[in-house]
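Chemist: Next come a sequence and a model predicted from it.
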Amino acid sequence: MSQDHKKEAPVAAIGSPSSTEELALDVMDAASGRRLVGSLVSFGLTQEGRDVCVTGQVTGIEMRNRWHELDVMKNIIKTDGTIPFLSGRQDVRTATLSPGAVFSRASADEPWSHEVLGSLPPAGTPVMRLTQEKLDELMEAQRQDLFYVGRAYGDDGVSLPMYVKHFGDPRRGGQGEAYHSLVVGKTGSGKSTLAKFLLAGYARHEDMAILVVDPKGEFADEIAGYAVGDSGLPFRGILKGLGRPARRYGITQVRLEGYELFEDVLASLGLDRDLNIRGAENKAELATAITEIIRESSFTLDSCRPRECFEEILRRIADEDDGYVKRIYKSKEPQDALREEIEKILAKPGHRIWATWDFLGFLFEKGDGTRQTIGQIVRSIMASPSGERPLVVLDLSTPGNRRDMEDLGDRFIALREQDEERDLFTESLQKKVIYRIVSDMRRLSETIVSQRLREGSRENVNTLVVFEEAHRYAPRQVAADDEDGKKLKAKLIEAVRETRKFGLGWFFVDQTIGGLDKEIVQQVRCSYVGYGLSMGEELNSVREMVGGDQRDVGLYRSFKDPASYGRPSEKRFPWMAFGPVSPMAANHPLFFNAFSGTDFAEFNRLPVDGTDRPLRLPPQSVAARRGKGGGNVKAESLSELPEDILG
């Protein structure tokens, strides 16, 4: 035992009864006023001739005074509140401690290494509060593997070491295989900030590639240089300081492909409304007709942007001999109305439908080849060489993609200015895009690893995929009529179950556990649970995750809402972590308060490139604010716009 540890006054002593699974602690009177709940403690013993240090985290304290429990004393207590000479003096404080990480060494000259507790110390063995100095001594042999995201829940003087390893070669600091993670907490719990802490930890490893699927746009905004949140985390600066290539893709930077996706984009852009087609079945028939005509023509999806292509499509739809109008509508009156509408469109070069088709064609156009398909992006991520492995964010957010439209200049100005209420990425479209991502990653991870094995290399793909708002893609319940949702969920479950051996790991961020599919939750090895899941089914999910220990669940339920602090500077963001998240972890969770963004970068000595001044996100347009209930401007749909908006 180190000299500094000997000088520390014990906070408790090993009591009785105790076992290797649960130790009784008798709290010392001198420590009765100290904050012990949430603190890390340790005690020593000798096992097989080796010095052993056992650590753990106190999750609760119980006080009993046997005199206060006697019925004959109740009259005194109810009158005076105390029993003279007995109240306070006869109080006995106890705690139970589940052993956490155990370390051993043969002599004081050797570094500590992990051990298994197979014996018990004698009753009365002093239990010390674990200091940062002692913790650093225990961690010395694995110092290079450690990363820090916060301080021990009950002791601001001790920073909790964590593992944030890549999935590659163990000889290069990797895990050798992938593992799946979950960060969960209510809005305001700090889950996005903690997720960025962990991503910064992964980004240190030049052998690891990262893909973030981002429906809210928060990660994408950070990558693009916008100031997001108030945590003070210089995420973009850290990535630049690490020399980590970072790239954001929005809808206009990706070349879409596939007829099924084409039909969805066609619907989301409102091309059917431009033709005054309203019914769901009629819209579906229109989309089918357009794709059939393209398949039969000399055009392809990546070359159908020219106006003459769409003119041919419209004429084919209106042609009585082709019969498309009769498929779209069963009765004569709407058939005649559709033909009349098409004739009117063909006679008006400035009709809004031409701008809609132009943008639709642009999204699928091959062009000069600079825009990559989803499959090409996935392959470029997974097959990238060490030192050039990127961090890629796929931005599925409406605000981000509206800014992309603006970046295109005047090419699609009519659509941008006159139809801001339209969401480019509908939920169905998102699911189809993400299905393609998951499917390609599942297939390519196996293909790449198999090819490398044939070439004599055992290198895996060493790639992490982050899903923000994970319940959108893998919910516990999928609507019976949501075929896209069913396909995506099944493919994601398959990928999570099968890709660990290929070095492809999945990292889920969400507000709940109960909303996620059970099989995905069961496949998660590293879990981080923030404030807000302390009632009903969510609490049951937390209890199930940590093995049902009421003391662990009780400490989690004591978490204070970060929003309830009076001053922003006083805010605490408490977390419960479970699984192989830390060298201090065993079969019970660890509790910590997350760093502020500034403390995080400083404590981990991360290089921060401060040359970029954070941009301010542009204010919402009048139309966007109106969509949220503000303003006094009448909402106007695309179908209500004048037909000659292009002149």
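Modeler: That came through fine. Note that the structure is predicted; figures quoted are calculated from it, not measured. Residues are numbered from 1 along each chain as shown.
Chemist: What residue spans form the domains of this protein?
Modeler: 3-142, 159-250+373-405+420-603, 259-364 (automatic domain parsing).
Chemist: Work out the gap between the longest one and the centre of the chain.
Modeler: Think domain 159-250+373-405+420-603. 3 Å (C-alpha atoms, centre = their mean, to the nearest Å).
Chemist: Tell me which stretches of the stretch 201-350 of the chain form helices.
Modeler: Ranges of helices within the stretch 201-350 of the chain are 218-224, 235-241, 259-268, 271-274, 280-296, 307-318, 324-328, 332-346, based on DSSP state H, counting those that start in this stretch.
Chemist: from memory residue 115 sits against residue 52, does it?
Modeler: Yes - in terms of C-beta atoms under 8 Å, residue 115 counts as a neighbour of residue 52; the distance is 5.9 Å. Any C-beta I mention is one placed from the backbone N, CA and C, and that applies to glycine too.
Chemist: Now the common contact residues for these two.
Modeler: Common neighbours of residue 115 and residue 52, counting by C-beta atoms under 8 Å, 6 or more residues apart in numbering, are 102-104.
Chemist: thinking residue 181 is in contact with residue 529, fair?
Modeler: No - using C-beta under 8 Å, residue 181 is not in contact with residue 529, being 11.8 Å away.
Chemist: between the two, which one's more packed in?
Modeler: More neighbours surround residue 529 than the other of residue 181 and residue 529, with 28 against 23 (other C-beta atoms under 10 Å).
Chemist: helix/strand/coil for the more buried one?
Modeler: Here residue 529 is recorded as strand under DSSP: H, G, I helix; E, B strand; the rest coil.
Chemist: who touches it in this structure?
Modeler: Neighbours of residue 529 in contact, by C-beta under 8 Å, 6+ apart: 184-185, 513, 542, 545, 556, 575-578.
Chemist: switch the cut-off to 7 Å
Modeler: Shown in contact with residue 529 (C-beta atoms under 7 Å, 6 or more residues apart in numbering): 184-185, 542, 556, 575-576.
Chemist: how about the strands of the stretch 301-450 of the chain, start to end?
Modeler: Using DSSP state E, counting those that start in this stretch, the strands of the stretch 301-450 of the chain run over 391-395.
Chemist: residue ranges with poor pLDDT in the stretch 151-300 of the chain?
Modeler: Applying pLDDT under 70 to the stretch 151-300 of the chain flags no residue at all.
Chemist: Same check on the chain?
Modeler: For the chain, residues meeting the criterion pLDDT under 70 lie at 1-7, 413-425, 614, 617-647.
Chemist: if you set the cut-off to 80 instead, what comes out?
Modeler: Along the chain, the model assigns pLDDT under 80 to residues 1-8, 227-231, 402, 405-426, 548, 566, 568-569, 612-647.
Chemist: Quick check: the gap between the residue nearest in space to the middle of it and residue 533.
Modeler: Geometric centre of the chain, nearest residue: residue 509, 2.6 Å, by C-alpha atoms, centre = their mean. Using C-beta to C-beta, to the nearest Å, residue 509 is found at 14 Å from residue 533.
Chemist: Out of the shared contacts of residue 115 and residue 52, list just those in strands.
Modeler: Those of these mapping onto strands are 102-104, per DSSP state E.
Chemist: quick one: terminal-to-terminal distance for stretch 298-310?
Modeler: Terminal residues of stretch 298-310 are spaced 12 Å apart (C-alpha to C-alpha, to the nearest Å).
Chemist: likewise stretch 275-284?
Modeler: Termini of stretch 275-284 sit 13 Å apart (C-alpha to C-alpha).
Chemist: what's it in contact with?
Modeler: 267, 272, 286, 328-329, 338, 341.
Chemist: Pick the one among those residues closest to residue 226.
Modeler: residue 267 (30.6 Å; C-beta to C-beta).
Chemist: Measure how buried residue 465 is and give me the count.
Modeler: Per other C-beta under 10 Å, the neighbour tally for residue 465 reads 26.
Chemist: oh sorry, the question was meant for residue 615
Modeler: Per other C-beta under 10 Å, the neighbour tally for residue 615 reads 12.
Chemist: can you check residue 118 too?
Modeler: Using other C-beta under 10 Å, the number of residues around residue 118 comes to 10.
Chemist: quick one: it from residue 50, how far?
Modeler: 11 Å.
Chemist: now swap in residue 188 and tell me
Modeler: Distance, residue 188 to residue 50, using C-beta to C-beta: 47 Å.
Chemist: next one: residue 560
Modeler: Note on residue 560: its distance to residue 50, by C-beta to C-beta, is 41 Å.
Chemist: Neighbour count for these two, which is higher?
Modeler: Using other C-beta under 10 Å as the criterion, residue 560 and residue 50 rank with residue 50 on top: 15 against 12.
Chemist: The more buried one touches residue 105, doesn't it?
Modeler: Yes - counting by C-beta atoms under 7 Å, residue 50 does reach residue 105; the two are 6.4 Å apart.
Chemist: ok so, going back, among the contacts of stretch 275-284, which one lies nearest to residue 606?
Modeler: residue 267 (45.0 Å).
Chemist: For that closest one, give me its contacts.
Modeler: 283, 287.
Chemist: Can you tell me how far it is from residue 443?
Modeler: Distance from residue 267 to residue 443, by C-beta to C-beta: 28 Å.
Chemist: and if you look at residue 455?
Modeler: Here residue 455 is placed at a distance of 19 Å from residue 443 (C-beta to C-beta).
Chemist: coming back round to it: of the helices of the stretch 201-350 of the chain, which stretch is the most buried?
Modeler: Per residue and on average, the most neighbours among the helices of the stretch 201-350 of the chain fall to helix 218-224, with a mean of 24 (mean count of other C-beta atoms under 10 Å).
Chemist: So between residue 115 and residue 52, which is more surrounded?
Modeler: Between residue 115 and residue 52, counting by other C-beta under 10 Å, residue 52 is the more crowded of the two (21 against 18).
Chemist: Okay, now the sheet partners of the strand or helix carrying the more buried one, with direction.
Modeler: Using DSSP states H and E, residue 52 maps to strand 50-57. Next to strand 50-57 in the sheet, as set by DSSP bridges, lie strand 40-47 (antiparallel), strand 102-105 (antiparallel).
Chemist: Reformat those as JSON lines; add distance to residue 239 and mean neighbour count.
Modeler: Shown next, in JSON lines, are these (distance: least, C-beta to C-beta, whole Å; neighbours: other C-beta atoms under 10 Å):
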{"stretch": "strand 40-47", "distance to residue 239": "32", "mean neighbour count": "20"}
{"stretch": "strand 102-105", "distance to residue 239": "34", "mean neighbour count": "20"}
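Chemist: could you pull out the helices for the stretch 501-647 of the chain?
Modeler: 518-523, 536-545, 550-557, 597-603, 622-627.
Chemist: Compare the strands paired with strand 50-57 and report which one is nearest to residue 201.
Modeler: Between residue 201 and these, the tightest spacing by C-beta to C-beta is seen for strand 40-47, at 20.8 Å.
Chemist: I'd like the distance between the residue nearest to the centre of the chain and residue 63.
Modeler: As for residue 509, its distance to residue 63 is 39 Å (criterion: C-beta to C-beta).
Chemist: Check residue 80 too.
Modeler: Residue 80 is 19 Å from residue 63, by C-beta to C-beta.
Chemist: Out of the domains of the chain, which is closest to residue 611?
Modeler: Closest to residue 611 of the domains of the chain, according to C-beta to C-beta: domain 159-250+373-405+420-603, at 7.7 Å.
Chemist: Now do the helices in the stretch 51-200 of the chain.
Modeler: For the stretch 51-200 of the chain, the helices defined by DSSP H, counting those that start in this stretch cover 74-80, 132-139, 191-203.
Chemist: any chance of these in CSV, with mean neighbour count and distance to residue 281 too?
Modeler: Output for the helices of the stretch 51-200 of the chain, formatted as CSV (neighbours: other C-beta atoms under 10 Å; distance: least, C-beta to C-beta, whole Å):
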stretch, mean neighbour count, distance to residue 281
helix 74-80, 11, 76
helix 132-139, 17, 65
helix 191-203, 24, 41
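Chemist: Looking at these, spot the one closest to residue 352.
Modeler: helix 191-203 (38.3 Å).
Chemist: which outside residues touch that closest one?
Modeler: Outside helix 191-203, the residues that touch it by C-beta under 7 Å, 6+ apart are 147, 149, 164, 166, 183-185, 208, 210, 218, 229, 231, 233, 235, 238-239, 242, 244, 391, 464, 466, 509, 528, 530, 575, 594, 597, 600, 606.
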